[in-house]
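Q: Structure for this input, please:
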Amino acid sequence: MTSYIFRYFNIVGLGETTRLLLTAAKVRWTEESSDFEQGKLDNPNGCPVVLIQKSSDGSPDLVFNEFIPMERYLARTYGFLPADPSQAALQEQLRDEQRGVMKNLLISVAIGIEATQVVRDLVFIMFEERLEKFINAHTELLRKNGNTGYSFSSTLSYADLMIYSFMRLVIIEFAQSSKDIARRFKGKMTPELAKLAATVEADPLLEAYVSQRGKFSNVF
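A: Predicted structure coming up:
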């Protein structure tokens, strides 16, 4: 039986979608704390390993050190991406768009440490504009799907897990370090996205995840 070892920090971070996918897939997996610096030294390409797929005899047969290829592999393997390439591409494109928003977010946080107020304001405005477009686009997608709480069809998808983990990251994790960002993000949430968060948390496939990591949809 295939099993997995997931290596990451015990935070709501870039690995949250992977946690959701592994849980929803009902596969055997364990999580290990990541030694980021040592991981970079151990791997020839300088990137720490974040997911190891092990075969039934316990030997590693697939190793990932990048999150998006890892997510897409899991989503395809366990049915959270459709078999139709064109339909799958729609969800993969959403993930790429979300990555762009995330980059803007991290830049706005990092540059705020030493930049002048004018620069900080400009960078944050750029982030907010891109975030608002992303939120509006996903909200429209949810409306077109009948506002069921799912982005596509009537079952849990990669797109649902991706946007849920992104909301959770900003509203929970950034509330600890960047309260203004968390507050503004929360203020932009739409009823459709709030319903998606509640729907994901109520899905039986994620009962173990919610039990361990708790809900956040009740903050809306």
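Q: Please enumerate the helices of this protein.
A: Remark: helices assigned in the chain by DSSP state H are 16-24, 36-42, 67-77, 85-111, 117-144, 158-168, 174-177, 179-188, 191-202, 207-213.
Q: Save the ones you listed as a markdown table, and put in mean pLDDT, mean neighbour count and distance to Pro60 too.
A: The C-beta positions use only the backbone N, C-alpha and C, and glycine is treated the same way. Formatted as a markdown table, the helices of the chain follow (pLDDT from 0 to 100; neighbours: other C-beta atoms under 10 Å; distance: least, C-beta to C-beta, whole Å):
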| stretch | mean pLDDT | mean neighbour count | distance to Pro60 |
| --- | --- | --- | --- |
| helix 16-24 | 97 | 24 | 16 |
| helix 36-42 | 57 | 12 | 13 |
| helix 67-77 | 96 | 19 | 14 |
| helix 85-111 | 88 | 15 | 25 |
| helix 117-144 | 87 | 15 | 36 |
| helix 158-168 | 95 | 25 | 24 |
| helix 174-177 | 66 | 14 | 34 |
| helix 179-188 | 78 | 15 | 38 |
| helix 191-202 | 96 | 19 | 30 |
| helix 207-213 | 94 | 14 | 24 |
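Q: could these be laid out in TSV, adding distance to Ser151?
A: Below are the helices of the chain laid out as TSV (distance: least, C-beta to C-beta, whole Å):
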stretch	distance to Ser151
helix 16-24	14
helix 36-42	32
helix 67-77	13
helix 85-111	8
helix 117-144	6
helix 158-168	4
helix 174-177	23
helix 179-188	18
helix 191-202	7
helix 207-213	18
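Q: Nearest to Val50, out of those helices?
A: Of all the helices of the chain, helix 67-77 sits nearest to Val50, with 6.7 Å by C-beta to C-beta.
Q: for that closest one, packing partners?
A: helix 16-24, strand 60-64, helix 85-111, helix 158-168 (3 or more C-beta pairs under 8 Å, 6 or more residues apart in numbering; DSSP states H and E).
Q: What lies in contact with it?
A: Helix 67-77 has contacts (C-beta atoms under 8 Å, 6 or more residues apart in numbering) with 14-15, 17-18, 21-22, 25, 50-51, 62, 64, 80-81, 88, 91-92, 95-96, 99, 158, 161-162.
Q: try 6 Å this time
A: Helix 67-77 is contacted from outside by 14, 17, 21, 51, 64, 81, 158, using C-beta atoms under 6 Å, 6 or more residues apart in numbering.
Q: Contacts only, for Leu14.
A: By C-beta under 6 Å, 6+ apart, the contact set of Leu14 is Phe67.
Q: Out of the contacts of helix 67-77, which comes closest to Glu31?
A: The closest of the contacts of helix 67-77, once distances to Glu31 are taken by C-beta to C-beta, is Leu51, at 10.3 Å.
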